[in-house]
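>>> Sequence and predicted model, in that order:
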Amino acid sequence: MIIEPVIRDNVCLTAHPLGCEAQVLEQINYIKSQGPMTGPKRVLIIGASNGYGLAARIVSAFACRADTLGVAFERPGRAKRTASAGWYNTEAFTRQARASGLGVWNINADAFSNEAKEEVLETIRTHLGQIDWFLYSIAAPRRKDPVTGDLFSSVIKPIGEPSTSKTVNFLTGEVTEVTAQPASPTEVEQTVKVMGGEDWSLWIQYLMDAGVLAQGARTMALSYIGPECTRAVYRDGTIGRAKAHLEQTVGELTQRLEPIKGQAWISVNKALVTRASAVIPAVPLYISLLYRVMKAKGLHENCIQQMNRLYRDFLFGTSVPPPKTDDQGRIRLDDWEMREDVQEAVRDLWDRINDGNARQLADIEGFKQEFLRHHGFDMPGIDYMQDLGEDIVASNAL
Ligand code: NAD
(Lines give C-alpha, C1' and ligand atoms only; values in the text may rest on other atoms or scores of the structure.)
Protein backbone atom coordinates (compact mmCIF):
# COMPACT_ATOMS: atom_id res chain seq x y z
CA MET A 1 0.00 0.00 0.00
CA ILE A 2 1.28 3.47 -0.89
CA ILE A 3 0.11 5.90 1.78
CA GLU A 4 -0.73 9.50 0.99
CA PRO A 5 -2.16 12.24 3.17
CA VAL A 6 -5.96 12.46 2.93
CA ILE A 7 -7.09 15.73 4.52
CA ARG A 8 -10.69 16.81 5.11
CA ASP A 9 -11.65 19.96 7.03
CA ASN A 10 -8.14 20.24 8.49
CA VAL A 11 -8.25 16.66 9.76
CA CYS A 12 -5.78 14.19 8.27
CA LEU A 13 -7.42 10.79 7.91
CA THR A 14 -4.29 8.78 7.10
CA ALA A 15 -0.88 8.42 8.71
CA HIS A 16 2.44 7.02 7.59
CA PRO A 17 4.03 4.46 9.95
CA LEU A 18 7.62 5.04 8.82
CA GLY A 19 7.20 8.83 8.86
CA CYS A 20 5.66 8.71 12.34
CA GLU A 21 8.59 6.63 13.52
CA ALA A 22 10.99 9.16 11.97
CA GLN A 23 9.35 12.12 13.71
CA VAL A 24 9.34 10.31 17.07
CA LEU A 25 13.04 9.52 16.54
CA GLU A 26 13.74 13.15 15.71
CA GLN A 27 12.21 14.20 19.04
CA ILE A 28 14.15 11.52 20.90
CA ASN A 29 17.40 12.62 19.27
CA TYR A 30 16.71 16.24 20.18
CA ILE A 31 16.19 15.30 23.82
CA LYS A 32 19.28 13.14 23.90
CA SER A 33 21.27 16.09 22.53
CA GLN A 34 20.13 18.15 25.54
CA GLY A 35 21.75 15.70 27.97
CA PRO A 36 20.35 13.78 30.94
CA MET A 37 18.57 15.46 33.85
CA THR A 38 17.22 14.60 37.26
CA GLY A 39 13.47 14.15 37.10
CA PRO A 40 10.53 11.85 37.71
CA LYS A 41 11.06 8.11 37.50
CA ARG A 42 7.53 6.68 37.39
CA VAL A 43 5.35 8.63 35.03
CA LEU A 44 1.71 8.51 33.97
CA ILE A 45 0.64 10.53 30.92
CA ILE A 46 -2.93 10.75 29.69
CA GLY A 47 -2.87 11.81 26.04
CA ALA A 48 0.59 10.31 25.50
CA SER A 49 0.44 9.55 21.79
CA ASN A 50 0.67 12.97 20.18
CA GLY A 51 1.47 16.65 20.60
CA TYR A 52 2.42 17.81 24.08
CA GLY A 53 1.72 14.51 25.84
CA LEU A 54 4.02 12.53 23.54
CA ALA A 55 6.75 15.16 23.88
CA ALA A 56 6.51 15.00 27.68
CA ARG A 57 6.74 11.22 27.54
CA ILE A 58 9.90 11.49 25.45
CA VAL A 59 11.51 13.96 27.88
CA SER A 60 10.54 11.74 30.84
CA ALA A 61 12.03 8.64 29.22
CA PHE A 62 15.06 9.91 27.36
CA ALA A 63 16.21 12.76 29.62
CA CYS A 64 15.06 11.51 33.05
CA ARG A 65 15.20 7.75 32.31
CA ALA A 66 11.68 7.29 33.64
CA ASP A 67 9.44 4.29 33.20
CA THR A 68 6.28 5.54 31.54
CA LEU A 69 2.65 4.47 31.39
CA GLY A 70 0.89 6.17 28.49
CA VAL A 71 -2.85 6.37 27.91
CA ALA A 72 -4.24 7.42 24.53
CA PHE A 73 -7.29 6.81 22.40
CA GLU A 74 -6.06 5.88 18.95
CA ARG A 75 -7.27 3.86 15.99
CA PRO A 76 -5.34 0.69 15.16
CA GLY A 77 -4.62 -0.10 11.52
CA ARG A 78 -6.19 -2.73 9.32
CA ALA A 79 -4.82 -4.36 6.19
CA LYS A 80 -6.09 -1.60 3.89
CA ARG A 81 -6.53 1.26 6.36
CA THR A 82 -3.78 3.05 8.20
CA ALA A 83 -3.76 3.42 11.95
CA SER A 84 -4.00 6.93 13.37
CA ALA A 85 -0.72 8.83 13.78
CA GLY A 86 -0.84 8.45 17.55
CA TRP A 87 -0.99 4.69 17.20
CA TYR A 88 2.18 4.57 15.10
CA ASN A 89 3.85 7.14 17.37
CA THR A 90 3.18 4.97 20.41
CA GLU A 91 4.61 1.92 18.67
CA ALA A 92 7.72 3.85 17.67
CA PHE A 93 8.18 5.28 21.17
CA THR A 94 7.70 1.83 22.70
CA ARG A 95 10.35 0.22 20.49
CA GLN A 96 12.88 2.95 21.23
CA ALA A 97 12.26 3.08 24.98
CA ARG A 98 12.39 -0.71 25.37
CA ALA A 99 15.60 -0.83 23.35
CA SER A 100 17.02 1.65 25.89
CA GLY A 101 16.05 -0.61 28.77
CA LEU A 102 13.16 1.54 29.99
CA GLY A 103 9.80 0.30 31.28
CA VAL A 104 6.93 1.13 28.88
CA TRP A 105 3.24 0.36 29.28
CA ASN A 106 0.48 1.55 26.96
CA ILE A 107 -3.26 1.60 27.42
CA ASN A 108 -5.36 2.42 24.37
CA ALA A 109 -8.69 3.36 25.91
CA ASP A 110 -11.11 6.19 26.57
CA ALA A 111 -9.52 7.97 29.54
CA PHE A 112 -12.94 9.27 30.62
CA SER A 113 -14.16 5.74 31.32
CA ASN A 114 -13.99 3.84 34.61
CA GLU A 115 -12.50 0.88 32.73
CA ALA A 116 -9.46 2.94 31.66
CA LYS A 117 -8.93 4.09 35.25
CA GLU A 118 -9.14 0.49 36.48
CA GLU A 119 -6.68 -0.71 33.85
CA VAL A 120 -4.26 2.08 34.73
CA LEU A 121 -4.47 1.21 38.42
CA GLU A 122 -3.82 -2.45 37.75
CA THR A 123 -0.81 -1.60 35.57
CA ILE A 124 0.62 0.75 38.20
CA ARG A 125 0.18 -1.84 40.93
CA THR A 126 1.70 -4.63 38.86
CA HIS A 127 4.62 -2.79 37.31
CA LEU A 128 5.32 0.62 38.80
CA GLY A 129 4.13 0.51 42.40
CA GLN A 130 3.49 4.25 42.54
CA ILE A 131 3.52 7.32 40.29
CA ASP A 132 5.50 10.47 41.01
CA TRP A 133 4.50 12.56 37.95
CA PHE A 134 1.10 12.59 36.26
CA LEU A 135 0.51 14.74 33.18
CA TYR A 136 -3.06 15.17 31.98
CA SER A 137 -2.84 16.25 28.32
CA ILE A 138 -6.09 15.37 26.60
CA ALA A 139 -7.66 17.13 23.62
CA ALA A 140 -10.93 15.30 23.06
CA PRO A 141 -14.10 16.02 21.11
CA ARG A 142 -16.49 14.16 23.41
CA ARG A 143 -16.87 12.50 26.77
CA LYS A 144 -19.21 9.88 28.10
CA ASP A 145 -20.05 10.49 31.75
CA PRO A 146 -18.83 7.38 33.59
CA VAL A 147 -21.72 7.49 36.08
CA THR A 148 -24.79 8.48 34.04
CA GLY A 149 -23.63 7.31 30.60
CA ASP A 150 -24.63 10.72 29.13
CA LEU A 151 -22.60 11.79 26.10
CA PHE A 152 -21.17 15.34 26.01
CA SER A 153 -19.62 17.03 22.96
CA SER A 154 -17.18 19.91 23.00
CA VAL A 155 -17.57 22.71 20.46
CA ILE A 156 -15.29 25.60 19.55
CA LYS A 157 -17.58 28.63 19.39
CA PRO A 158 -17.77 32.18 20.71
CA ILE A 159 -20.13 32.96 23.58
CA GLY A 160 -22.83 35.64 23.46
CA GLU A 161 -22.46 36.97 19.94
CA PRO A 162 -21.16 35.82 16.55
CA SER A 163 -17.48 36.32 15.86
CA THR A 164 -16.06 37.16 12.44
CA SER A 165 -12.40 36.65 11.84
CA LYS A 166 -9.82 36.12 9.15
CA THR A 167 -8.79 32.54 8.60
CA VAL A 168 -6.46 30.64 6.28
CA ASN A 169 -6.77 27.40 4.40
CA PHE A 170 -3.25 26.17 5.15
CA LEU A 171 -3.30 23.75 2.22
CA THR A 172 -4.01 26.40 -0.42
CA GLY A 173 -2.90 29.59 1.35
CA GLU A 174 -6.30 31.18 0.71
CA VAL A 175 -7.27 33.83 3.30
CA THR A 176 -10.98 34.37 3.87
CA GLU A 177 -13.33 35.56 6.59
CA VAL A 178 -15.37 33.15 8.69
CA THR A 179 -18.20 33.88 11.04
CA ALA A 180 -18.73 31.54 13.95
CA GLN A 181 -22.18 31.57 15.53
CA PRO A 182 -22.36 31.75 19.33
CA ALA A 183 -22.74 28.61 21.40
CA SER A 184 -25.95 27.78 23.20
CA PRO A 185 -25.79 27.53 27.02
CA THR A 186 -25.94 23.72 26.66
CA GLU A 187 -22.96 23.74 24.30
CA VAL A 188 -20.96 25.83 26.78
CA GLU A 189 -21.84 23.43 29.59
CA GLN A 190 -20.97 20.38 27.51
CA THR A 191 -17.61 21.78 26.42
CA VAL A 192 -16.71 22.39 30.07
CA LYS A 193 -17.76 18.80 30.85
CA VAL A 194 -15.37 17.48 28.18
CA MET A 195 -12.37 19.82 28.37
CA GLY A 196 -12.72 21.26 31.91
CA GLY A 197 -11.17 19.85 35.06
CA GLU A 198 -13.77 17.28 36.13
CA ASP A 199 -12.08 14.22 34.67
CA TRP A 200 -8.61 15.30 35.86
CA SER A 201 -10.09 15.62 39.33
CA LEU A 202 -11.70 12.16 39.09
CA TRP A 203 -8.31 10.70 38.13
CA ILE A 204 -6.59 12.30 41.13
CA GLN A 205 -9.32 11.14 43.49
CA TYR A 206 -9.11 7.61 42.11
CA LEU A 207 -5.30 7.38 42.27
CA MET A 208 -5.19 8.96 45.77
CA ASP A 209 -7.84 6.57 47.11
CA ALA A 210 -5.86 3.66 45.70
CA GLY A 211 -2.67 4.93 47.36
CA VAL A 212 -0.62 4.85 44.17
CA LEU A 213 0.53 8.47 44.16
CA ALA A 214 3.99 8.66 45.71
CA GLN A 215 4.94 11.08 48.48
CA GLY A 216 5.46 14.49 46.85
CA ALA A 217 3.79 13.43 43.59
CA ARG A 218 3.04 16.21 41.13
CA THR A 219 0.37 16.55 38.50
CA MET A 220 -0.21 19.02 35.69
CA ALA A 221 -2.75 19.90 33.01
CA LEU A 222 -2.18 22.20 30.04
CA SER A 223 -3.99 25.40 29.20
CA TYR A 224 -3.86 28.17 26.63
CA ILE A 225 -4.69 31.89 26.65
CA GLY A 226 -3.51 33.45 23.39
CA PRO A 227 -3.84 36.86 21.76
CA GLU A 228 -6.64 39.32 21.03
CA CYS A 229 -7.25 38.02 17.49
CA THR A 230 -8.31 34.56 18.70
CA ARG A 231 -9.89 35.74 21.96
CA ALA A 232 -13.56 35.64 20.88
CA VAL A 233 -13.34 32.12 19.57
CA TYR A 234 -10.80 30.75 22.06
CA ARG A 235 -10.27 32.27 25.50
CA ASP A 236 -13.64 34.07 25.70
CA GLY A 237 -15.37 31.20 23.90
CA THR A 238 -16.51 27.72 24.90
CA ILE A 239 -13.04 26.19 25.03
CA GLY A 240 -11.75 29.12 27.12
CA ARG A 241 -14.58 28.50 29.58
CA ALA A 242 -13.41 24.90 29.83
CA LYS A 243 -9.80 26.00 30.32
CA ALA A 244 -10.87 28.42 33.07
CA HIS A 245 -12.60 25.49 34.79
CA LEU A 246 -9.48 23.35 34.37
CA GLU A 247 -7.37 26.12 35.91
CA GLN A 248 -9.75 26.49 38.87
CA THR A 249 -9.49 22.76 39.55
CA VAL A 250 -5.86 23.19 40.60
CA GLY A 251 -6.70 24.60 44.04
CA GLU A 252 -9.01 21.71 44.85
CA LEU A 253 -6.45 19.16 43.63
CA THR A 254 -3.60 20.66 45.60
CA GLN A 255 -5.76 20.39 48.74
CA ARG A 256 -6.56 16.79 47.93
CA LEU A 257 -2.85 16.04 47.44
CA GLU A 258 -1.93 17.64 50.79
CA PRO A 259 -1.70 14.30 52.72
CA ILE A 260 1.14 13.21 50.42
CA LYS A 261 2.62 16.70 50.12
CA GLY A 262 1.79 16.62 46.42
CA GLN A 263 1.13 19.54 44.12
CA ALA A 264 -1.04 20.30 41.08
CA TRP A 265 -0.01 22.75 38.38
CA ILE A 266 -1.32 24.37 35.24
CA SER A 267 1.09 25.16 32.46
CA VAL A 268 -0.06 27.68 29.87
CA ASN A 269 1.69 26.48 26.73
CA LYS A 270 2.54 28.06 23.42
CA ALA A 271 0.24 27.83 20.38
CA LEU A 272 1.58 25.04 18.19
CA VAL A 273 0.45 23.03 15.22
CA THR A 274 -1.06 19.81 16.51
CA ARG A 275 -4.02 17.75 15.41
CA ALA A 276 -6.10 19.61 18.00
CA SER A 277 -5.14 23.20 17.15
CA ALA A 278 -5.55 22.80 13.36
CA VAL A 279 -9.34 22.63 13.67
CA ILE A 280 -9.86 25.85 15.67
CA PRO A 281 -11.06 28.79 13.50
CA ALA A 282 -8.55 31.68 13.17
CA VAL A 283 -5.87 29.68 15.00
CA PRO A 284 -4.05 28.31 11.90
CA LEU A 285 -3.70 31.88 10.57
CA TYR A 286 -2.52 33.19 13.93
CA ILE A 287 -0.03 30.31 14.28
CA SER A 288 1.30 30.89 10.74
CA LEU A 289 1.98 34.54 11.61
CA LEU A 290 3.36 33.68 15.03
CA TYR A 291 5.77 31.16 13.50
CA ARG A 292 6.98 33.76 10.98
CA VAL A 293 7.69 36.24 13.81
CA MET A 294 9.12 33.81 16.36
CA LYS A 295 11.38 32.11 13.81
CA ALA A 296 12.71 35.51 12.69
CA LYS A 297 13.46 36.41 16.33
CA GLY A 298 15.06 33.02 17.06
CA LEU A 299 12.33 32.25 19.62
CA HIS A 300 10.42 29.47 17.89
CA GLU A 301 9.83 26.24 19.82
CA ASN A 302 7.95 23.08 18.91
CA CYS A 303 6.31 20.54 21.26
CA ILE A 304 9.52 18.80 22.29
CA GLN A 305 11.34 22.08 22.91
CA GLN A 306 8.46 23.41 25.02
CA MET A 307 8.39 20.27 27.12
CA ASN A 308 12.17 20.26 27.45
CA ARG A 309 12.02 23.82 28.81
CA LEU A 310 9.12 22.94 31.12
CA TYR A 311 11.05 20.09 32.69
CA ARG A 312 14.43 21.79 32.91
CA ASP A 313 13.54 25.41 33.75
CA PHE A 314 10.32 25.06 35.72
CA LEU A 315 9.63 21.64 37.16
CA PHE A 316 12.60 19.40 37.69
CA GLY A 317 15.64 21.50 36.83
CA THR A 318 17.50 24.11 38.76
CA SER A 319 14.59 26.38 39.71
CA VAL A 320 12.65 23.81 41.76
CA PRO A 321 10.66 24.00 43.96
CA PRO A 322 8.42 25.95 43.60
CA PRO A 323 8.50 26.88 39.91
CA LYS A 324 8.11 30.47 38.77
CA THR A 325 4.43 31.26 38.08
CA ASP A 326 2.17 34.18 37.16
CA ASP A 327 -0.08 35.94 39.70
CA GLN A 328 -2.67 33.19 39.25
CA GLY A 329 -0.20 30.43 40.02
CA ARG A 330 0.17 29.24 36.43
CA ILE A 331 3.45 28.28 34.79
CA ARG A 332 3.80 30.42 31.67
CA LEU A 333 5.46 28.48 28.87
CA ASP A 334 3.75 30.92 26.52
CA ASP A 335 6.08 33.63 27.86
CA TRP A 336 7.98 34.02 24.59
CA GLU A 337 4.78 33.88 22.49
CA MET A 338 3.16 36.61 24.58
CA ARG A 339 6.20 38.92 24.68
CA GLU A 340 5.07 42.43 23.72
CA ASP A 341 7.46 42.72 20.74
CA VAL A 342 6.26 39.35 19.38
CA GLN A 343 2.58 40.20 19.77
CA GLU A 344 3.05 43.66 18.29
CA ALA A 345 4.69 42.18 15.18
CA VAL A 346 1.94 39.55 14.85
CA ARG A 347 -0.78 42.23 15.23
CA ASP A 348 0.79 44.28 12.47
CA LEU A 349 0.89 41.28 10.11
CA TRP A 350 -2.63 40.23 11.09
CA ASP A 351 -3.97 43.67 10.12
CA ARG A 352 -2.17 43.63 6.76
CA ILE A 353 -2.66 40.04 5.67
CA ASN A 354 -5.03 39.24 2.82
CA ASP A 355 -5.49 36.67 0.11
CA GLY A 356 -2.88 38.31 -2.10
CA ASN A 357 0.04 38.55 0.35
CA ALA A 358 -0.58 35.58 2.67
CA ARG A 359 2.42 33.53 1.60
CA GLN A 360 4.80 36.47 1.99
CA LEU A 361 3.54 37.53 5.41
CA ALA A 362 2.73 34.19 7.05
CA ASP A 363 4.64 30.94 7.50
CA ILE A 364 1.88 28.91 5.89
CA GLU A 365 4.41 26.43 4.51
CA GLY A 366 5.77 25.93 8.03
CA PHE A 367 2.27 25.28 9.36
CA LYS A 368 1.48 22.83 6.58
CA GLN A 369 4.78 21.00 6.96
CA GLU A 370 4.38 20.60 10.71
CA PHE A 371 0.79 19.43 10.26
CA LEU A 372 1.89 16.82 7.72
CA ARG A 373 4.77 15.71 9.91
CA HIS A 374 2.41 15.12 12.83
CA HIS A 375 0.90 12.44 10.59
CA GLY A 376 4.22 11.04 9.38
CA PHE A 377 4.27 12.84 6.00
CA ASP A 378 6.92 15.13 4.54
CA MET A 379 9.64 13.69 6.77
CA PRO A 380 13.10 13.79 5.23
CA GLY A 381 14.58 10.40 4.37
CA ILE A 382 11.28 8.58 3.92
CA ASP A 383 10.43 7.08 0.53
CA TYR A 384 6.74 7.87 0.23
CA MET A 385 6.44 5.90 -2.99
CA GLN A 386 7.38 2.72 -1.14
CA ASP A 387 4.67 0.07 -1.25
CA LEU A 388 4.25 -0.92 2.42
CA GLY A 389 3.25 -4.43 3.39
CA GLU A 390 -0.03 -5.01 5.21
CA ASP A 391 1.87 -6.08 8.31
CA ILE A 392 3.48 -2.62 8.54
CA VAL A 393 0.27 -0.69 7.83
CA ALA A 394 -1.86 -2.74 10.22
CA SER A 395 0.90 -3.13 12.79
CA ASN A 396 -0.51 -4.07 16.15
CA ALA A 397 2.50 -4.51 18.34
CA LEU A 398 0.95 -2.57 21.25
P1 NAD B 1 -3.13 16.31 20.37
O2 NAD B 1 -4.36 16.23 19.54
O3 NAD B 1 -1.81 16.39 19.70
O4 NAD B 1 -3.09 15.08 21.40
C5 NAD B 1 -4.23 14.74 22.15
C6 NAD B 1 -4.00 13.47 22.92
O7 NAD B 1 -5.21 13.16 23.65
C8 NAD B 1 -3.72 12.23 22.04
O9 NAD B 1 -2.73 11.45 22.66
C10 NAD B 1 -5.04 11.47 22.04
O11 NAD B 1 -4.93 10.06 21.85
C12 NAD B 1 -5.52 11.79 23.46
N13 NAD B 1 -6.95 11.59 23.64
C14 NAD B 1 -7.98 12.22 23.01
N15 NAD B 1 -9.16 11.76 23.49
C16 NAD B 1 -8.86 10.82 24.42
C17 NAD B 1 -9.63 9.99 25.26
N18 NAD B 1 -10.97 10.02 25.26
N19 NAD B 1 -8.99 9.12 26.07
C20 NAD B 1 -7.63 9.04 26.10
N21 NAD B 1 -6.85 9.84 25.34
C22 NAD B 1 -7.45 10.71 24.52
O23 NAD B 1 -3.36 17.58 21.35
P24 NAD B 1 -2.39 18.68 21.96
O25 NAD B 1 -2.43 19.88 21.10
O26 NAD B 1 -1.07 18.09 22.36
O27 NAD B 1 -3.22 19.05 23.27
C28 NAD B 1 -2.96 18.51 24.55
C29 NAD B 1 -3.33 19.54 25.60
O30 NAD B 1 -2.50 20.70 25.43
C31 NAD B 1 -4.78 20.03 25.47
O32 NAD B 1 -5.32 20.18 26.77
C33 NAD B 1 -4.63 21.38 24.79
O34 NAD B 1 -5.70 22.25 25.06
C35 NAD B 1 -3.32 21.85 25.42
N36 NAD B 1 -2.66 22.94 24.67
C37 NAD B 1 -2.46 22.84 23.33
C38 NAD B 1 -1.87 23.91 22.64
C39 NAD B 1 -1.65 23.84 21.14
O40 NAD B 1 -1.46 24.89 20.53
N41 NAD B 1 -1.64 22.68 20.53
C42 NAD B 1 -1.44 25.04 23.34
C43 NAD B 1 -1.60 25.08 24.73
C44 NAD B 1 -2.23 24.04 25.40
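Received, thanks.

>>> Report how many residues lie close to the closest residue to the ligand within the chain.
Closest approach of the chain to the ligand (Cβ to the nearest ligand atom) occurs at Gly51, with a separation of 2.1 Å. Just so you know, the C-beta spots here come from the backbone N, C-alpha and C atoms, and that holds for glycine as well. Residue crowding around Gly51 was assessed by other Cβ atoms under 10 Å; the count is 24.

>>> Contacts only, for it.
For Gly51, the contacting residues are Ser137, Ala139, Leu272, Thr274, Arg275, Ala276, Cys303, His374, by Cβ atoms under 8 Å, 6 or more residues apart in numbering.

>>> swap in Tyr52?
Taking Cβ under 8 Å, 6+ apart, we find Tyr52 in contact with Ser137, Leu222, Asn269, Leu272, Thr274, Cys303, Gln306, Met307.

>>> most surrounded residue in the residues you listed?
Of all these, the most densely surrounded is Met307 (30 neighbours; neighbours counted as other Cβ under 10 Å).

>>> secondary structure class for the nearest residue to that residue once chain neighbours are set aside?
Ranked by Cβ to Cβ, 6 or more residues apart in numbering and with sequence neighbours excluded, the top spatial neighbour of Met307 is Ala55, at 4.1 Å. On the three-state scheme (DSSP: H, G, I helix; E, B strand; the rest coil), Ala55 is labelled helix.

>>> For Ala55, the count of nearby residues, please.
Neighbour tally, Ala55, other Cβ under 10 Å: 27.

>>> Please, where are all the strands along the stretch 201-350 of the chain?
With DSSP state E, counting those that start in this stretch, the ranges of strands along the stretch 201-350 of the chain come out as 213-223, 263-268, 331-332.

>>> Between strand 263-268 and the longest one, find me the angle.
Think strand 213-223. If you take axes from the mean of the first three to the mean of the last three Cα atoms, to 10 degrees, strand 213-223 sits at 20 degrees to strand 263-268.

>>> What are the buried residues along strand 213-223?
With burial defined by 16 or more other Cβ atoms under 10 Å, the residues of strand 213-223 counted as buried are Leu213, Ala214, Ala217, Arg218, Thr219, Met220, Ala221, Leu222, Ser223.

>>> Include distance to the ligand when you put these into TSV, please.
Converted to TSV, these look like this (distance: Cβ to the nearest ligand atom, whole Å):
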residue	distance to the ligand
Leu213	19
Ala214	23
Ala217	20
Arg218	17
Thr219	14
Met220	10
Ala221	7
Leu222	4
Ser223	6
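
>>> Rebuild the contacts of Tyr52 as TSV, extending it with pLDDT.
Compiled in TSV, these are given as follows (pLDDT from 0 to 100):
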residue	pLDDT
Ser137	97
Leu222	98
Asn269	97
Leu272	93
Thr274	83
Cys303	95
Gln306	98
Met307	98
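
>>> Among these, name the ones in helices.
Filtering those for membership in helices, criterion DSSP state H, returns Cys303, Gln306, Met307.

>>> The second one contacts Val268, correct?
The one in question is Gln306. No. Using Cβ atoms under 8 Å, Gln306 and Val268 do not qualify as a contacting pair, with a distance of 10.9 Å.

>>> and for these two, which residues touch both?
The overlap between the contact sets of Gln306 and Val268 (Cβ under 8 Å, 6+ apart) consists of Leu333.

>>> Any residue of stretch 114-128 touching the ligand?
No. Contact of stretch 114-128 with the ligand (Cβ under 6 Å from any ligand atom) is absent, the minimum separation being 6.8 Å.
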